[in-house]
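A.B. asks: got a sequence here, can you build the structure:
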Amino acid sequence: MNIFSSKSRASATVGVQPVGSAASSTMVGSSRTDLLESSLGGYTSVPPPVLLANGNGVAAPHADLDKVAILDAGSQFGKVIDRRVRELNVYTEMLPLETPLAVLLERGFKAIIISGGPASVFAEDALVYDPALFQSPIPVLGLCYGFQLMNTAYGGMVGKTARRNDGQTKIEVDQNSLLFKKMDTIQEVLLSHGDSVTIVPNNLTVIAKYNDLVVGIANVEQKKYGVQFHPEVDLTVNGMQIFRNFLFEIAGLRANFLMANREQECLNYIRSHVKSKTVLLLASGGVDSTVCAALLRKVCSPDQLIILHIDNGFMRKNESLQVVESLKKIGLKVIHRDFSDRFRYARRRRPEEEDGADYVSVVSPTLMETVDPEEKRKIIGDTFMEVANVVLKEDLKLELNDVLLCQGTLRPDLIESSSKMASQHSEAIKTHHNDTNFVRQLRARGLVIEPLTDFHKDEVRRLGLDLGLPAELVNRHPFPGKLSPPSYQLSYLTGFFSCLLSVPFPGPGLAVRVICANEPYKAKDYDRTVILLRIICSFSSPTWHLSVLHENVRNTLTLEEVDFLKRATKEYVIAGHVLPIRSVGVQGDGRSFKHVAALSTDSRPIPWPVLSRLAEIIPRICQSISRVAYAFGPVVKHEIEFITETTLVPFHVVSKIQDVDAIAQKVLWDSGSYLSVAQMPVILIPVVFDEDTVDPAFPGRKHSVVLRPFISNDFMTGIAALPGKHIPEEVILKMVTEIQKVGGISRVLYDLTCKPPGTTEWE
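C.D. replies: Sure, this is the predicted structure:
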């Protein structure tokens with residue numbers, strides 16, 4: 001039977017107001033209609049706030065342009081949607097999801113795209129939207145949350161299922177649908193969702209499925225389409241074709257918008273703000289700050305530009321000297337100051353804005369005693385401004401209240417830190433220090449300029465090459481950085497008029513590549529998660545055949561996955577262990593902070609494709625695991641229930657991560673594989689695998705090391721580089737051999753997790 005026939009649809013029953021019902025004339029979702037009216041100022045007199053697609057201030061389009069409205073439901077990828085549409089030469093504006101149809105019609109939008117988001121359409125506080133969107137003549141494409149919203153608006157049902165999806169997946173699409181014109185039946189897409197469509201109403205047609213899960217719907221006559229996946233990201237292989245089909249085949253738009261020269265936009269933007277002011281750039285040496293410096297150099301005269309590099313003690317081995325030398329090579333004079341000791345014993349001295357206090361003497365332990373990753377970032381951010389103030393006063397004879405702030409902020413920074421510049425409804429994944437509450441206050445006062453907020457990492461690299469920067473600088477791997485000044489300095493900065501401060505700071509660096517902990521972490525369902533992981537890794541074992549939990553896992557898997565697990569676990573003996581630590585992830589457009597699973601095997605050669613596939617399946621079944629790594633060495637025999645209590649003190653912890661990072665990066669560079677990956681974080685975790693092999697030279701102080709070679713263009717999504725496929729296995733094995741020579745190392749692990757569900761960094 002054709003899976004896209006009318007028989008695959010079911011009628012909705014109760015609990016919804018379908019399109020066309022009496023309730024459709026009013027806004028639905030949250031009952032806070034007063035908040036809606038206040039934000040929109042009425043339907044016609046005051047337009048809704050626009051999230052500018054181009055942070056560089058592109059002029060408003062002329063009246064003849066075909067325009068697309070992107071309604072923001074809080075997706076991590078909302079600004080990526082705008083980028084993809086503009087790459088097809090169609091003008092976009094991002095607006096709040098609650099924007100009424102009347103406003104969209106008045107402003108002449110000819111198509112609507114509804115983004116994904118972390119919320120649930122059936123939650124009590126569901127986002128406000130105008131159901132008239134789905135009655136209008138304007139073509140609509142709903143993505144992820146927008147797909148579920150459309151299904152609900154037409155009378156369908158959405159609910160939670162036993163399985164969530166977070167990763168690249170193969171689906172089947174209806175080639176007869178205009179949305180999938182010129183596309184094969186089987187497509188690789190990114191699915192990242194917790195809720196699923198459970199009932200499709202009769203007035204919608206199913207146009208895409210993932211096994212028995214509906215992932216695409218359409219009302220062809222009304223030109224309304226929805227997909228559960230994300231066509232805007234790189235992990236959806238033919239996503240641009242889907243946008244072409246929607247924009248040109250379905251909506252009939254014209255490609256009549258041309259992006260201006262982006263380098264010239266940046267220069268004009270900086271020039272209009274800098275004028276005759278002095279510019280102070282706190283440089284990290286990374287591509288973002290280097291591109292920012294190159295732009296400033298084109299605008300500023302030599303006596304206007306001062307560049308300062310601060311060593312916080314958490315840079316890579318000899319990194320600061322290399323940064324200074326690399327910037328000197330492109331003609332930039334750099335002041336270098338080492339404040340390592342001050343950072344180690346720093347505290348966060350002022351609360352965040354939401355803490356509700358005007359002042360407080362001390363609100364944190366010292367950085368060297370802190371285990372919380374967010375608190376680490378805040379302490380380091382505060383301290384950067386303190387020491388910058390010292391340099392300004394003592395060395396440069398400038399007062400801090402004489403400067404303005406300019407940052408090399410990129411789009412992903414704003415998106416992951418839930419900036420309202422990027423989205424009205426997104427969740428914070430992790431704090432980016434160029435988007436702290438302090439910076440947001442300065443933005444509100446018009447005291448921050450950020451020429452790169454419309455850029456993703458790959459675009460910044462292209463701009464760097466256009467500016468004539470050396471390829472070795474432009475292609476330098478990212479490093480945790482770009483810290484912003486802390487919130488407590490706001491009073492000093494009010495009224496900056498004579499000097500410009502540009503701060504792509506050397507940020508937390510290796511401080512957030514040490515997973516600190518003072519006790520083991522165990523989620524509420526830890527015991528169940530341990531059993532689920534064992535079932536997956538030994539799926540074919542007769543031990544589980546009468547287990548109800550095994551049957552539940554089987555019913556959650558696809559037929560292809562069941563077949564894979566049967567074959568793989570018969571051929572290989574693979575152990576899976578839940579580590580008593582947490583790492584940050586991104587799932588369903590929201591932040592997760594969950595367990596890590598470690599796989600091990602005695603099989604040689606190492607079955608990398610099998611391990612990689614397990615890393616895809618495990619987070620879908622084990623709801624408390626968001627990251628999977630392979631542990632080199634013999635199979636792990638016992639559960640790991642304890643940790644090495646770890647902070648950034650004593651000093652050997654920092655020197656250990658610097659040593660192992662230097663080893664791994666050197667092997668990567670010497671092998672010629674540096675450009676095979678976008679980034680390779682090296683992480684120190686407080687885990688000991690083999691208690692009977694304690695190193696007498698480092699009693700009770702053992703750690704393990706994680707290698708994270710990662711492939712991505714824009715760092716919004718990406719895949720783990722697979723040994724033997726993306727990077728030579730012998731390169732990784734050499735890293736492991738060399739790292740194990742460092743004292744106090746238990747095991748080396750290899751992160752197999754894609755993004756999503758795991759973020760690029762572990763903290």
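A.B. asks: my guess is Val610 meets Ala568, correct?
C.D. replies: Yes - when contacts are counted by Cβ atoms under 8 Å, Val610 is listed as touching Ala568 (4.9 Å). All C-beta spots, glycine's among them, are computed from the backbone N, C-alpha and C.
A.B. asks: give me the common contacts of the two.
C.D. replies: Taking Cβ atoms under 8 Å, 6 or more residues apart in numbering as the criterion, Val610 and Ala568 both touch Ile574.
A.B. asks: tell me the strands beside the strand or helix carrying Ile112, with direction?
C.D. replies: Assigning secondary structure by DSSP states H and E places Ile112 in strand 109-114. Strand 109-114 pairs in its sheet with strand 67-72 (parallel), strand 140-143 (parallel), by DSSP bridges.
A.B. asks: alpha carbons of the shortest one, as PDB, please.
C.D. replies: Output for strand 140-143, consisting of C-alpha atoms alone and laid out as PDB, is shown next (Å, rounded to 0.1, in the frame of the first residue of the first chain):
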ATOM      1  CA  VAL A 140       2.700  28.600   4.900                       C
ATOM      2  CA  LEU A 141       5.600  26.200   5.600                       C
ATOM      3  CA  GLY A 142       5.700  24.900   9.200                       C
ATOM      4  CA  LEU A 143       9.000  23.500  10.500                       C
END
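A.B. asks: now do that strand, average pLDDT.
C.D. replies: Averaged across strand 140-143, the pLDDT comes to 97.
A.B. asks: next helix or strand past that strand?
C.D. replies: Strand 140-143 is succeeded, C-terminally, by helix 145-153 (DSSP H and E).
A.B. asks: where does pLDDT dip in the stretch 351-500 of the chain?
C.D. replies: Within the stretch 351-500 of the chain, the ranges that satisfy pLDDT under 70 run 351-363, 399-402, 404-405, 411-443, 445-447, 478-500.
A.B. asks: try 90
C.D. replies: 351-369, 372-462, 464-500 (pLDDT under 90).
A.B. asks: tell me the most buried of the strands paired with strand 109-114?
C.D. replies: Comparing the strands paired with strand 109-114 by mean neighbour count (mean count of other Cβ atoms under 10 Å), strand 140-143 comes out on top with a mean of 28.
A.B. asks: show me the strands in the stretch 651-763 of the chain, by range?
C.D. replies: 682-685, 703-707, 710-711, 719-720, 745-751 (DSSP state E, counting those that start in this stretch).
A.B. asks: CA-only coordinates of the first one in CSV, if you can.
C.D. replies: These are the backbone C-alpha positions of strand 682-685, laid out as CSV (Å, rounded to 0.1, in the frame of the first residue of the first chain):
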residue,chain,number,x,y,z
VAL,A,682,40.1,17.9,24.2
ILE,A,683,38.3,17.4,27.5
LEU,A,684,39.5,16.3,30.9
ILE,A,685,36.8,14.4,32.8
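A.B. asks: look up how far Asp372 lies from Arg620.
C.D. replies: 29 Å (Cβ to Cβ, to the nearest Å).
A.B. asks: who's more crowded, these two?
C.D. replies: Set Arg620 next to Asp372 and count neighbours by other Cβ atoms under 10 Å: Arg620 wins out with 21 against 14.
A.B. asks: verify the stated contact: the more buried one with Thr169.
C.D. replies: No - using Cβ under 8 Å, Arg620 is not in contact with Thr169; the gap is 9.4 Å.
A.B. asks: tell me which helix or strand in the chain has the weakest average pLDDT.
C.D. replies: Scoring the helices and strands of the chain by mean pLDDT, DSSP states H and E places helix 490-493 at the bottom, with a mean of 28.
A.B. asks: what pairs with the longest strand along the chain, parallel or antiparallel?
C.D. replies: Identified as the longest strand of the chain according to DSSP state E is strand 157-173. Within its sheet, strand 157-173 is paired with strand 186-199 (antiparallel), strand 205-210 (antiparallel), according to DSSP bridges.
A.B. asks: CA atoms only: put the last one into CSV for me.
C.D. replies: So that's strand 205-210. The C-alpha coordinates for strand 205-210 follow below in CSV (Å, rounded to 0.1, in the frame of the first residue of the first chain):
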residue,chain,number,x,y,z
THR,A,205,-2.5,14.7,3.5
VAL,A,206,0.6,12.8,4.8
ILE,A,207,3.6,13.6,2.5
ALA,A,208,6.5,12.2,4.5
LYS,A,209,7.0,9.4,7.1
TYR,A,210,9.7,8.0,9.3
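A.B. asks: got a list of contacts for that strand?
C.D. replies: Under Cβ under 8 Å, 6+ apart, the answer for strand 205-210 is 3-4, 6, 8-9, 165, 169-174, 177, 179-180, 191, 200, 214-220, 225, 227-228.
A.B. asks: what's the angle between that strand and helix 145-153?
C.D. replies: Angle, strand 205-210 to helix 145-153, by axes from the mean of the first three to the mean of the last three Cα atoms, to 10 degrees: 140 degrees.
A.B. asks: how far away is Asp64 from Arg462?
C.D. replies: Taking Cβ to Cβ, one finds Asp64 at 30 Å from Arg462.
A.B. asks: scan this structure for its longest helix.
C.D. replies: For the chain, the longest helix by residue count, based on DSSP state H, is helix 373-394.
A.B. asks: so which bits of that helix are buried?
C.D. replies: Neighbour-count burial for helix 373-394 flags 373, 375-389, 391-392 (criterion: 16 or more other Cβ atoms under 10 Å).
A.B. asks: cool, stretch 190-202 as well?
C.D. replies: Neighbour-count burial for stretch 190-202 [16+ other Cβ under 10 Å]: 190-201.
A.B. asks: Throw those into JSON lines and include distance to Thr236 and pLDDT, thanks.
C.D. replies: Formatted as JSON lines, the buried residues of stretch 190-202 follow (distance: Cβ to Cβ, whole Å; pLDDT from 0 to 100):
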{"residue": "Leu190", "distance to Thr236": "5", "pLDDT": "92"}
{"residue": "Leu191", "distance to Thr236": "9", "pLDDT": "89"}
{"residue": "Ser192", "distance to Thr236": "11", "pLDDT": "81"}
{"residue": "His193", "distance to Thr236": "14", "pLDDT": "71"}
{"residue": "Gly194", "distance to Thr236": "19", "pLDDT": "74"}
{"residue": "Asp195", "distance to Thr236": "19", "pLDDT": "84"}
{"residue": "Ser196", "distance to Thr236": "18", "pLDDT": "87"}
{"residue": "Val197", "distance to Thr236": "18", "pLDDT": "91"}
{"residue": "Thr198", "distance to Thr236": "23", "pLDDT": "91"}
{"residue": "Ile199", "distance to Thr236": "25", "pLDDT": "93"}
{"residue": "Val200", "distance to Thr236": "22", "pLDDT": "96"}
{"residue": "Pro201", "distance to Thr236": "26", "pLDDT": "95"}
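A.B. asks: give me the phi and psi for Pro607.
C.D. replies: For Pro607, the backbone dihedrals (degrees, to the nearest 10) come out as phi -80, psi 70.
A.B. asks: now the one 4 residues further on
C.D. replies: Leu611 has phi and psi values of phi -60, psi -40 when expressed as degrees, to the nearest 10.
A.B. asks: which residue packs closest to it, ignoring adjacent ones?
C.D. replies: Closest residue in space to Leu611, ignoring its immediate chain neighbours: Tyr630 at 5.2 Å, by Cβ to Cβ, 6 or more residues apart in numbering.
A.B. asks: just the CA atoms of the host helix or strand of the one you found, as PDB, please.
C.D. replies: Here Tyr630, judged by DSSP H and E, is contained in strand 625-631. Taking Å, rounded to 0.1, in the frame of the first residue of the first chain, the C-alpha atoms of strand 625-631 are listed here in PDB:
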ATOM      1  CA  ILE A 625      21.800  10.200  28.000                       C
ATOM      2  CA  SER A 626      22.700  12.800  25.400                       C
ATOM      3  CA  ARG A 627      26.300  11.900  24.600                       C
ATOM      4  CA  VAL A 628      28.100   8.700  23.700                       C
ATOM      5  CA  ALA A 629      31.900   8.100  23.600                       C
ATOM      6  CA  TYR A 630      34.100   5.100  23.000                       C
ATOM      7  CA  ALA A 631      36.700   4.200  25.600                       C
END
